[in-house]
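Asks: Here you go, sequence then predicted model.
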Amino acid sequence: MARAACANIIPALSFLPLKSSPSSSIFTNSSRLVGVIGISRRFSSSSSKISMSLKAGIVGLPNVGKSTLFNAVVENGKAQAANFPFCTIEPNVGAVAVPDPRLNVLSDLSKSQKAVPTSIEFVDIAGLVKGASQGEGLGNKFLSHIREVDSIVQVVRCFEDNDIVHVNGKVDPKADIDVINLELVFSDMDQIEKRLDKLKKGKARDSQSKAKEEAEKSGLEKIQSALLDGKPARSVSLTDYEKEAIRHLCLLTMKPIIYVANVAENDLAVPEDNPHVKEVMGLAATLQSGLVTVSAQVESELSELALEERTEYLTSLGVSESGLGNLVRATYDLLGLRTYFTSGEKETKAWTIRAGMTAPQAAGVIHSDFERGFIRAETVAYNDFVTAGSLATAREKGLLRSEGKEYIVQEGDVMLFRFNV
Ligand SMILES: Nc1ncnc2c1ncn2[C@@H]1O[C@H](COP(=O)(O)OP(=O)(O)OP(=O)(O)O)[C@@H](O)[C@H]1O
Ligand SMILES: [Mg+2]
């Protein structure tokens, strides 16, 4: 159980570029050098690329608006959302495009036929109640769904509406947040206790495994004492070795959290005027977590409207844009993700990597062949590309750098990979 899949490498939205596509336009091909080319067909296996589609789990008490938010954020989202607790049982999963204004700028400059944003996945999870770690509500099953996601988006009810049942009888964000956090803490404590018991038996034979076990033990003991103080695992400072050793446990309180204050439509214009929102803001700051204010109800209504009607509706509420873009962007940042671009006539595309990835690893996100056969990456910073106006001019002006295998890809790099397959 402890070793259950807390997959952060998830087969999703995988694409395979056709190596011999005649429409290759971004890169010049010489006889043995094949450039990165257009993304042409869907591919169902994750084995040929490093998948960077990471999952954010939507978590909260029952009936607070999780599925409503999920349906609004995920295009064609079809999670059942209704006014009764435990409406959702099995998790709903959907991919969401990450809005990035740079994508269209690059696409226009390169006169691309299309612009393809990068994506992350949202998972709508069942409501959690007090005692879940002891099996209340949907209990441990629910917690295992949280274990599988990479970050937590916690929806907190901040709207008053006597018609919508609150499982604890009243709107009280602090109490709601405490319930969720405590259940996550209890679940982690339980898991750590079991794991430490196992580690006591010390099965490691060689010195390397012994050192690993020791690191795991010391990491878990540090976390255990923090949990006893009601503090999350992510607040504990661990050595890199300890972090690595405990990773397989997928501790719930290790996952980064963003709070979503779900408000009524008339609070959207000045959310701080709502004392519940103010309270969540304070808590999020203390817990060093992010906060986004959204009205799930409004967003779900907006998603049903035609574009021009949306603007009208938003204006009537005193706001200029939907809050979903902010939420998706904040979630992406929370996951510690970075974006680089490929840009040519066929398409401009945003790709997701983790901070610190090298050029060959970044190439591997497109296809493993590109990583295996990596030779070099011609790279230009986003701002330099925009100043130059095109890749060719960037090259003429000496703004295009030729980077090797050690290069750490920077946020916003526009890249052109040379590889040999
Ligand atoms: N901002 C809001 N203002 C008013 N009503 C809202 C708001 N957000 C959600 N609701 C309403 O709250 C009810 C519960 O929503 P939803 O089914 O999305 O909750 P849930 O958290 O997914 O519940 P469960 O845990 O049972 O699956 C729905 O009737 C929905 O329309
Ligand atoms: Mg639901």
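Replies: The structure has been received and is ready for your questions. Ligands and ions are numbered 1, 2, ... in the order given.
Asks: Just the pLDDT at the residue in the stretch 251-400 of the chain that ligand 2 sits nearest to, thanks.
Replies: Proximity of the stretch 251-400 of the chain to ligand 2 (C-beta to the ion) peaks at A296, 10.6 Å away. Quick note: C-beta positions are derived from backbone N, CA and C, even for glycine. Looking at A296, its pLDDT reads 94.
Asks: where exactly do the helices run in this protein?
Replies: Ranges of helices within the chain are 66-73, 101-109, 139-147, 173-200, 207-228, 240-246, 275-286, 296-302, 307-316, 324-334, 359-366, 368-372, 382-388, 391-396, based on DSSP state H.
Asks: With mean neighbour count and distance to A82 added, can I get those in CSV?
Replies: Formatted as CSV, the helices of the chain follow (neighbours: other C-beta atoms under 10 Å; distance: least, C-beta to C-beta, whole Å):
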stretch, mean neighbour count, distance to A82
helix 66-73, 27, 8
helix 101-109, 17, 36
helix 139-147, 20, 18
helix 173-200, 18, 19
helix 207-228, 17, 35
helix 240-246, 17, 39
helix 275-286, 17, 23
helix 296-302, 21, 12
helix 307-316, 12, 23
helix 324-334, 19, 21
helix 359-366, 24, 39
helix 368-372, 19, 44
helix 382-388, 18, 44
helix 391-396, 16, 51
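Asks: Lowest average confidence across these, which one?
Replies: Comparing mean pLDDT across those, the weakest is helix 139-147, with a mean of 79.
Asks: Helix 173-200 and that helix, what's the angle between them?
Replies: Interaxial angle of helix 139-147 relative to helix 173-200 (axes from the mean of the first three to the mean of the last three C-alpha atoms, to 10 degrees): 90 degrees.
Asks: Show me what helix 139-147 is packed up against.
Replies: When contacts are defined as 3 or more C-beta pairs under 8 Å, 6 or more residues apart in numbering; DSSP states H and E, helix 139-147 packs onto strand 55-59, helix 173-200.
Asks: quick one: contacts of the first one?
Replies: Pointing back at strand 55-59 there. By C-beta atoms under 8 Å, 6 or more residues apart in numbering, the residues outside strand 55-59 that reach it are 8, 10, 66, 69-70, 91, 93, 120-125, 128, 145-146, 148-155, 180, 258, 331, 334-335.
Asks: burial count for the nearest residue to R234 once chain neighbours are set aside?
Replies: Setting aside the residues directly before and after it, R234 is nearest to M254 in space (C-beta to C-beta, 6 or more residues apart in numbering), at 5.2 Å. The local packing of M254 (other C-beta atoms under 10 Å) involves 20 other residues.
Asks: For the helices of the chain, please prepare a markdown table with the additional fields distance to ligand 1.
Replies: Listed next are the helices of the chain as a markdown table, based on distance: least, C-beta to the nearest ligand atom, whole Å:
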| stretch | distance to ligand 1 |
| --- | --- |
| helix 66-73 | 3 |
| helix 101-109 | 27 |
| helix 139-147 | 10 |
| helix 173-200 | 11 |
| helix 207-228 | 25 |
| helix 240-246 | 30 |
| helix 275-286 | 11 |
| helix 296-302 | 3 |
| helix 307-316 | 14 |
| helix 324-334 | 13 |
| helix 359-366 | 32 |
| helix 368-372 | 38 |
| helix 382-388 | 36 |
| helix 391-396 | 45 |
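Asks: any chance of those helices in a markdown table, with distance to K55 too?
Replies: Shown next, in a markdown table, are the helices of the chain (distance: least, C-beta to C-beta, whole Å):
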| stretch | distance to K55 |
| --- | --- |
| helix 66-73 | 12 |
| helix 101-109 | 22 |
| helix 139-147 | 10 |
| helix 173-200 | 16 |
| helix 207-228 | 22 |
| helix 240-246 | 20 |
| helix 275-286 | 21 |
| helix 296-302 | 19 |
| helix 307-316 | 28 |
| helix 324-334 | 10 |
| helix 359-366 | 16 |
| helix 368-372 | 22 |
| helix 382-388 | 27 |
| helix 391-396 | 34 |
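Asks: ok, back up a step: was I right about the residue of the stretch 251-400 of the chain closest to ligand 2 contacting G65?
Replies: Yes. Using C-beta atoms under 8 Å, A296 makes contact with G65 at a distance of 3.9 Å.
Asks: tell me, what's touching the two both at once?
Replies: V155, N262.
Asks: Near ligand 2, which residues of this protein are found?
Replies: When proximity is defined by C-beta under 5 Å from the ion, the chain lies next to ligand 2 at K66, S67, C87, T88.
Asks: mind redoing it with 6 Å?
Replies: Residues of the chain lying near ligand 2 by C-beta under 6 Å from the ion: K66, S67, A81, C87, T88, D124.
Asks: ok, for the fourth one, nearest residue in space, not its chain neighbours?
Replies: Nearest residue to C87, sequence neighbours excluded (C-beta to C-beta, 6+ apart): Q80, at 5.7 Å.
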